[in-house]
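Asks: Show me how the following folds:
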Amino acid sequence: MAKLGNAALILAAMAYMIVVGADLFGQLVLTAMTFSEPPRSLHMYHGPVPYDSAPFWRTLTMIVSFLAAIAVATNWTKTRRMWVASFFVAWLVLNAASFAFVFPEYQAIQAIPYADYVDPELVKRAQAQELLGFVRWMFALAIGILPFIALTIPRTRY
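Replies: Okay, the predicted model is just below:
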């Protein structure tokens with residue numbers, strides 16, 4: 001069981017870091033480019049083959065959630081329980097906050113039809129959303145430290 005607990009926690013941490021890396025790419029490249037001059041810069045969401053990363057995020061979210069739940073279950077009676085459980089709960093809270101506050105505005109801006117001009121009010125909205133997304137990413141990065149702290153703690157029973 002010790003090997004399973006370590007393996008589950010390592011896999012959860014790795015999958016989570018993929019989320020953090022993909023989110024950073026989204027912030028630095030996709031959001032920065034597409035929110036730079038809206039609605040002129042929103043073309044990639046409305047072209048003949050529109051960009052849609054939702055399948056990637058849905059799949060990865062399920063994988064991380066499953067692996068984190070397995071990590072909690074296999075480390076529950078161990079001294080690292082607090083750190084593993086904190087990671088799982090923080091992941092769930094981050095997702096809930098993202099779905100409630102961050103993603104709806106992203107989707108609202110992305111749904112605005114392409115037009116060949118720049119709307120100053122839309123630029124302000126997009127800039128505020130970029131900042132919120134970056135703050136969210138910083139929290140995600142901080143949460144990612146928790147499973148690594150847990151891995152430094154020996155797996156002894158309470």
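
Asks: Quick check: Tyr45 touching Ala54?
Replies: No. Counting by CB atoms under 8 Å, Tyr45 stays clear of Ala54, with 11.7 Å between them. C-beta coordinates here come from the backbone N, C-alpha and C atoms, glycine included.

Asks: between these two, who's got more neighbours?
Replies: Tyr45 (18 against 9; other CB atoms under 10 Å).

Asks: Not counting sequence-adjacent ones, nearest residue to the more buried one?
Replies: Excluding the flanking residues, the one nearest Tyr45 by CB to CB, 6 or more residues apart in numbering is Gln110, at 4.8 Å.

Asks: Can I get stretch 139-154 in CSV, CA atoms only?
Replies: Backbone C-alpha positions of stretch 139-154 (Å, rounded to 0.1, in the frame of the first residue of the first chain) are rendered in CSV as follows:
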residue,chain,number,x,y,z
PHE,A,139,-3.0,30.5,-6.5
ALA,A,140,-2.9,27.4,-8.6
LEU,A,141,0.9,27.5,-8.5
ALA,A,142,0.8,27.9,-4.7
ILE,A,143,-1.6,24.9,-4.4
GLY,A,144,0.8,22.8,-6.5
ILE,A,145,3.4,23.0,-3.7
LEU,A,146,1.2,21.0,-1.3
PRO,A,147,1.7,17.5,-2.8
PHE,A,148,5.4,18.0,-3.0
ILE,A,149,5.5,19.0,0.7
ALA,A,150,3.5,15.8,1.4
LEU,A,151,6.0,13.8,-0.5
THR,A,152,8.8,14.9,1.8
ILE,A,153,7.0,13.6,4.9
PRO,A,154,7.6,9.9,5.7
